[in-house]
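Chemist: predicted model follows, preceded by the sequence.
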Amino acid sequence: MSFNLGHPSGRNPPFKFSAFTRVGFSDTDAQGIVYYGRYLPYFDLARVEYSRHLRVLDLELGDCEFVMRASNVLYEAPARFDDLLEVFVRTKRIGRSSVTFELAAVRVADDVLMCTAEQTLVLVDFDDRRPVPVPAEFRTAVEGFEGADLELAVPR
């Protein structure tokens, strides 16, 4: 049985993909709102589901792995326990060795924007701890899905 938490979506352009998550009690702080650090796992979930959908999650990367280089998060409104959130994700840019994602968490009940982020991951060779080029298979899969909305730092 195959079950995916994410799905293609045309509801919030230029985003073409989203995943759902629900705010758990342990995600909230003493004020009863989502603790700011809990948005990062929500964004991780959406990014992984997006990668699964594009079939790049299981690409053979050898001794290389994408690692977080930068994460810029903006908090817009407070989410609370049991809110259903739709987390939109897209690849904004592919560089030589990096990929920049744009994300937005929206409360489903009233379509209010809760939080946004821009995150850059770099493909790193673990043996020498140096950046390596993003594989062509990854680029092709993302370009095919994102189309003209994708910025390519390295032309084909």
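Modeler: The structure has been received and is ready for your questions. Residues are numbered from 1 along each chain as shown.
Chemist: report the rounded mean pLDDT for the biggest strand by length in the chain.
Modeler: Across the chain, the longest stretch assigned as strand under DSSP state E is strand 112-125. Taken as a whole, strand 112-125 carries a mean pLDDT of 98.
Chemist: relative to it, what are the paired strands and their orientations?
Modeler: Strand 112-125 pairs in its sheet with strand 64-75 (antiparallel), strand 98-107 (antiparallel), strand 130-131 (antiparallel), by DSSP bridges.
Chemist: helix or strand right after the shortest one?
Modeler: Elements were assigned by DSSP states H and E; along the chain past strand 130-131, the next helix or strand is helix 136-146.
Chemist: contact partners of that next one?
Modeler: Helix 136-146 is contacted by residues 16-17, 53-56, 59, 90-91, 94, 99, 150, 152, 156 when judged by CB atoms under 8 Å, 6 or more residues apart in numbering. C-beta here means a position set from N, CA and C on the backbone, and glycine is covered the same way.
Chemist: buried subset of those?
Modeler: Listed as buried from those are 16, 17, 53, 54, 56, 90, 91, 94, 99, 150; burial here means 16 or more other CB atoms under 10 Å.
Chemist: going by distance to residue 109, which of those residues wins?
Modeler: residue 17 (20.9 Å; CB to CB).
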